[in-house]
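A.B. asks: Whatever this is, show me its structure:
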Amino acid sequence: MAEPIIPPLADAELTAFVDAVRQDPGPPARAVGAAELRRAQRVRAGARPPGPAIAHVEDLAVGPTAVPCRLYRPAAAPRALVVFCHGGMWTIGDLESHDRACRRLALGADAAVLSVDYRRAPEHPWPAAVDDCVAALRWAAAGGAAGAGIAGPILVMGDSAGGNLATLACRRLRDGGGPLPAAQVLVYPNTDLTLSCPSTRSKATGWGLTTDDVAWGAEQWVPEPSRRADPEVSPLHATDLGGLPPAVVVTAEHDPLRDEGDAYAARLAAAGVPVRHRREAGMVHGFLTLDTLSPAAAAAGDRVFADVADLLGRLH
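C.D. replies: Numbering: from 1, shown residues only. Model prediction:
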């Protein structure tokens, strides 16, 4: 039984969206499967208005493994590069699903954005996606960003499963001798694949993303149940979070992943990592890609992009 929508969500449009989802939630992800979920997402992405115009957009393959990526450059000389890892339960999501978000990010932060089209489960289980995100960061740090005309710091950012990949990439680079990105920006991140935090129960259904759908995605990406508590897939379970890059962590009030994101921000801070943490009141999971549906979701996304811009100002 889903919680009642009291108090109302961040705006009337978001409330109507959640009401509609409750009226017709559709079949669960495990009944639909990855192929059909991807097809339906492509349809949704194609139906959205195109994102804002950007000075330069280019598809390219980076690093020795030729990881497919899309580079957005909002100006001739952007002041930084954000390596972006998209969400989608490690199984869906692609360059198109997050194209609008990446364009808005590039303009909002005045930074180039490299969106990583990492390999997805179930065809490519862990650690393939982490490998690809690390490869993109290494490429950027080894001269790829400079070769593309981008000076300044390199950040890593991700939403949902992409937030999980971003912070796992940071841990991999920390433990492997770097070079570390200058900062990590985690938006409603998955940090605990065991799904044991309280909000996975209190927000399990009725808010757009269901806990069971997340569980299905985790099963595709990490088929071995005992491995889902491993810090290599669930960073909240790591004993040592020291030495990681400064972080922005943004969660949403009505999100089954809320508590694990909040807890990860607290763990980073306790380990001495500078953290800016905000829980968006009245907001649901996925707001970065709900901007055409809800003005409040668009504003929440703009606040994240402003966080990135402010962070870049402090790094310079």
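
A.B. asks: Give the helix, strand or coil label for residue 137.
C.D. replies: At residue 137, secondary structure determined by DSSP: H, G, I helix; E, B strand; the rest coil is helix.

A.B. asks: So what's the residue count around residue 282?
C.D. replies: Using other C-beta atoms under 10 Å, residue 282 has 17 neighbouring residues. Backbone N, C-alpha and C define where each C-beta goes, glycine included.

A.B. asks: I figured it was touching residue 10, is that so?
C.D. replies: Yes. At 3.5 Å, residue 282 and residue 10 qualify as touching, with contact defined as C-beta atoms under 8 Å.

A.B. asks: Need the overlap of contacts for these two.
C.D. replies: residue 296 (C-beta atoms under 8 Å, 6 or more residues apart in numbering).

A.B. asks: need the helices for the protein, in chain order.
C.D. replies: Using DSSP state H, the helices of the chain run over residues 12-23, 29-32, 34-47, 99-109, 128-139, 145-147, 161-175, 199-202, 211-221, 258-270, 295-315.

A.B. asks: So which elements touch the last one?
C.D. replies: I take that to be helix 295-315. Applying 3 or more C-beta pairs under 8 Å, 6 or more residues apart in numbering; DSSP states H and E, one finds that helix 295-315 contacts helix 12-23, helix 99-109, strand 154-159, strand 183-187, strand 247-254, strand 275-284.

A.B. asks: Quick check: which of these is nearest to residue 58?
C.D. replies: Distance to residue 58, taken as C-beta to C-beta, is lowest for helix 99-109 among these, at 12.4 Å.

A.B. asks: Next, the angle from the closest one to strand 183-187.
C.D. replies: 130 degrees (axes from the mean of the first three to the mean of the last three C-alpha atoms, to 10 degrees).

A.B. asks: Could you list the residues in contact with helix 99-109?
C.D. replies: By C-beta under 8 Å, 6+ apart, the list of residues contacting helix 99-109 from outside reads 45, 48-54, 70, 72-74, 78, 80, 82, 84, 111-113, 115, 157, 159, 288-289, 291-292, 301-302, 304-306, 308-309, 312.

A.B. asks: Buried by neighbour count, from those residues: which ones?
C.D. replies: Listed as buried from the contacts of helix 99-109 are 45, 51, 54, 70, 72-74, 78, 80, 82, 84, 111-113, 115, 157, 159, 288-289, 291, 301, 304-305, 308-309, 312; burial here means 16 or more other C-beta atoms under 10 Å.

A.B. asks: if we can go back for a sec, now render the helices and strands packed on helix 295-315 as CSV, adding distance to residue 193.
C.D. replies: CSV is the format used below for these (distance: least, C-beta to C-beta, whole Å):
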stretch, distance to residue 193
helix 12-23, 24
helix 99-109, 24
strand 154-159, 15
strand 183-187, 15
strand 247-254, 17
strand 275-284, 21
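
A.B. asks: Next, the contact list for residue 174, please.
C.D. replies: 180, 243-244.

A.B. asks: Most neighbours among those, which one?
C.D. replies: Neighbour max across the contacts of residue 174 (other C-beta under 10 Å) = residue 244, 24 neighbours.

A.B. asks: I'd like to know the average pLDDT value across stretch 26-41.
C.D. replies: Across stretch 26-41, the average pLDDT comes to 96.

A.B. asks: Now do that stretch: distance from first to last residue.
C.D. replies: With C-alpha to C-alpha, to the nearest Å applied, stretch 26-41 spans 14 Å between its terminal residues.

A.B. asks: what does it contact?
C.D. replies: Under the criterion C-beta under 8 Å, 6+ apart, residues 88-89, 91-94, 97, 120-122, 210, 212-213, 216-217, 220 lie in contact with stretch 26-41.

A.B. asks: which two of the residues you listed lie the greatest distance from each other?
C.D. replies: Every pair of the contacts of stretch 26-41 checked by C-beta to C-beta; the farthest is 94 and 212, at 22.8 Å.

A.B. asks: Between the two, which has more neighbouring residues?
C.D. replies: Set residue 94 next to residue 212 and count neighbours by other C-beta under 10 Å: residue 94 wins out with 19 against 16.

A.B. asks: now the more buried one, nearest residue through space, not along the chain?
C.D. replies: Closest residue in space to residue 94, ignoring its immediate chain neighbours: residue 117 at 6.0 Å, by C-beta to C-beta, 6 or more residues apart in numbering.

A.B. asks: Thanks a lot, see you next time.
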